[in-house]
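Asks: Everything below, folded, please.
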Amino acid sequence: MPLALHPASTLPLDCHAGTLIGRVWRPDRDGPSVVVAREGSLHDISSVTPTVRDLCENADPAALARSIAGELVGSIGDVLANTPRHIRDRTRPWLLAPVDLQTIKAAGVTFAISMLERVVEEQARGDAEKALAFRASVVQIIGEDLSRLKPGSEEAAALKRVLIEKGAWSQYLEVGIGPDAEVFIKAPVLSAVGTGLEIGIHPHSTWNNPEPEIAIVVSSSGQIVGATLGNDVNLRDFEGRSALLLSKAKDNTASAALGPFIRLFDGTFNLDDVRRAEVSLRVTGDDGFEMGDISSMSRISRDPADLVAQTIGPNHQYPDGFVLYLGTMFAPTMDRRAAGQGFTHEVGDLVTVASAQLGTLTNQVVQCPDAEPWRFGIADLMRNLAARKLI
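Replies: Here you go, the predicted structure:
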């Protein structure tokens with residue numbers, strides 16, 4: 001099915017109230033520019049802040065973004081419409097992922113329901129048919145609702161002892177209810193894809209799924225400066241075979257989607273709004289398949305501020321900041337191909353991740369070799385900015 005983007009279905013409901021920043025590719029500059037959204041248009045502010053990283057390092061990124069007059073790039077509608085690869089006019093600007101030099105990290109097993117599914121993956125070893133039976137046996141022991149159990153607490157430690165005695169302990173339960181969060185590198189710097197672009201599934205994977213999430217943007221000092229939407233595309237069969245295949249399951253061409261824009265924290269939006277947010281997912285396939293669900297951030301087991309504190313500090317620094325996927329409670333079990341085999345993507349699936357205050361991230365599934373190749377790296381960015389006399 002064709003992928004088309006429009007402002008009404010992409011922007012936050014209160015789009016003119018908040019501070020939305022992002023990146024566009026400017027063919028006339030042969031490179032990317034930082035833009036701010038204003039009254040339906042995008043304005044290039046790269047003359048003052050050549051990278052999103054530079055903007056986020058400011059003491060008040062939202063105030064700085066609003067204060068720069070910038071250069072008109074075009075209407076949001078025109079840039080969105082020109083973003084999907086199959087209809088793109090390469091002489092006109094198109095939207096990119098809204099982060100650049102930040103390290104792309106992800107937190108896993110931060111919701112009880114996704115924790116249960118990771119235990120199922122581990123025990124089923126990538127076999128979707130075995131997953132159904134094992135899921136039922138695990139629920140008998142630990143129940144379906146661990147959302148009230150605080151990770152690292154005495155109650156969590158007591159549950160751990162019981163599960164070990166019953167032979168049901170798992171590395172996923174360790175990071176789900178233990179003191180230490182799972183935080184890993186999701187993708188290389190500059191490799192994320194934005195809304196309207198393709199997301200990639202490894203051609204050898206037969207069991208995979210989207211992971212709709214909120215991703216927070218963090219400066220080098222550990223300050224959370226804004227948020228965006230993310231799809232942490234995941235190969236369940238690869239990760240289920242072995243936790244040592246996590247990088248193979250998570251880091252592939254076009255496997256990290258972020259966008260459409262970063263909403264910077266200001267008087268209209270802050271971390272409490274992230275904590276209260278609801279994130280919806282819809283998957284629509286060429287085969288007529290449809291699936292949808294909603295994740296509530298209020299059910300997260302680890303607070304976003306705690307996840308940031310476990311990521312950056314005396315033991316680990318990020319001089320260019322980082323973006324952190326906060327995890328998902330969505331782990332689809334709806335059968336698609338056959339009874340008992342659960343959900344997996346098919347080529348052509350249209351995936352939308354949405355939240356009222358962050359907008360909608362829309363991507364289409366392809367196999368990784370068919371996704372738009374990632375060719376513009378850090379060295380290319382530095383050379384381009386230098387040629388434009390922005391650094």
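Asks: got a pLDDT number for residue 3?
Replies: Looking at residue 3, its pLDDT stands at 86.
Asks: now do the one 5 residues further on
Replies: According to the per-residue confidence, residue 8 scores 95 in pLDDT.
Asks: For residue 323, see how far away it is.
Replies: Per Cβ to Cβ, to the nearest Å, residue 8 is found 26 Å from residue 323. In short, each C-beta sits where N, CA and C put it, glycine included.
Asks: Compare those two (neighbour count), which wins?
Replies: Counted by other Cβ atoms under 10 Å, residue 8 and residue 323 do not tie: residue 323 has more neighbours, with 28 against 8.
Asks: remind me which residues of the stretch 51-200 of the chain are low pLDDT?
Replies: Within the stretch 51-200 of the chain, the segments meeting pLDDT under 70 span 112-123, 125-126, 128-129, 134-135, 137-149, 159, 162-163, 166, 168-169.
Asks: if we go to 90?
Replies: 108-182 (pLDDT under 90).
Asks: for it, what spans make up the strands?
Replies: Secondary structure of the stretch 51-200 of the chain (DSSP state E, counting those that start in this stretch): strands at 71-75, 94-96, 103-108, 182-187, 198-201.
Asks: Give me the buried positions along the first one.
Replies: Taking 16 or more other Cβ atoms under 10 Å as the neighbour-count basis, strand 71-75 is seen to contain the buried residues 73, 74.
Asks: Then stretch 14-28?
Replies: Quick answer for stretch 14-28 (16+ other Cβ under 10 Å): 15, 18, 19, 20, 21, 22, 23, 24, 25, 26.
Asks: before we move on, the earlier item: would a markdown table of the strands of the stretch 51-200 of the chain with distance to residue 307 be doable?
Replies: Listed next are the strands of the stretch 51-200 of the chain as a markdown table, based on distance: least, Cβ to Cβ, whole Å:
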| stretch | distance to residue 307 |
| --- | --- |
| strand 71-75 | 34 |
| strand 94-96 | 26 |
| strand 103-108 | 5 |
| strand 182-187 | 7 |
| strand 198-201 | 24 |
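Asks: now for the ones you listed, which one comes closest to residue 387?
Replies: Closest approach to residue 387 among the strands of the stretch 51-200 of the chain is made by strand 71-75 (17.1 Å; Cβ to Cβ).
Asks: residues making contact with the closest one?
Replies: Contacting residues not belonging to strand 71-75 are listed as 24, 26, 33, 35, 40-44, 47, 79, 92-93 [Cβ atoms under 8 Å, 6 or more residues apart in numbering].
Asks: follow-up on the earlier one: tell me which of the buried residues of stretch 14-28 fall in strands.
Replies: Within the buried residues of stretch 14-28, residues falling in strands by DSSP state E are 19, 20, 21, 22, 23, 24, 25, 26.
Asks: residues in contact with the last one?
Replies: Under the criterion of Cβ under 8 Å, 6+ apart, the neighbours of residue 26 are 32, 33, 44, 73, 93.
Asks: What's the separation between the first one and residue 188?
Replies: The spacing between residue 32 and residue 188, counted by Cβ to Cβ, is 16 Å.
Asks: Of all the strands of the stretch 51-200 of the chain, which one comes closest to residue 211?
Replies: strand 103-108 (8.6 Å).
Asks: before we move on, the earlier item: in terms of model confidence, name the weakest of the buried residues of stretch 14-28.
Replies: residue 15 (85).
Asks: count of neighbours near residue 62?
Replies: Applying other Cβ under 10 Å, we find 23 other residues in the vicinity of residue 62.
Asks: Ok, the one 3 residues further on next?
Replies: Around residue 65 there are 27 other residues, counting by other Cβ under 10 Å.
Asks: Over to residue 152?
Replies: So residue 152, with other Cβ under 10 Å, has 15 neighbours.
Asks: so what's it up against?
Replies: Contacts for residue 152 (Cβ under 8 Å, 6+ apart) come out as 177, 178, 179, 180.
Asks: surely residue 291 meets residue 343?
Replies: Yes: with contact defined as Cβ atoms under 8 Å, residue 291 reaches residue 343; the gap is 6.8 Å.
Asks: And the helices in this structure, which stretches?
Replies: 7-10, 52-56, 61-67, 76-81, 112-124, 128-142, 154-165, 171-177, 236-241, 246-250, 271-276, 304-311, 378-387 (DSSP state H).
Asks: Quick check: chain neighbours aside, which residue is closest to residue 291?
Replies: residue 283 (4.6 Å; Cβ to Cβ, 6 or more residues apart in numbering).
Asks: Please name the bridge partners of the one you found.
Replies: Bridge pairing for residue 283 (DSSP bridges) gives the partners residue 291, residue 351.
Asks: So what's the residue count around it?
Replies: 23.
Asks: same question, the one 5 residues further on
Replies: Counted with other Cβ under 10 Å, residues neighbouring residue 288 total 6.
Asks: Distance check, it against residue 348.
Replies: For residue 288, the distance to residue 348 - Cβ to Cβ - is 11 Å.
Asks: Then residue 160?
Replies: 43 Å.
Asks: Just give me the residue closest to the centre of this protein.
Replies: residue 230 (2.2 Å; Cα atoms, centre = their mean).
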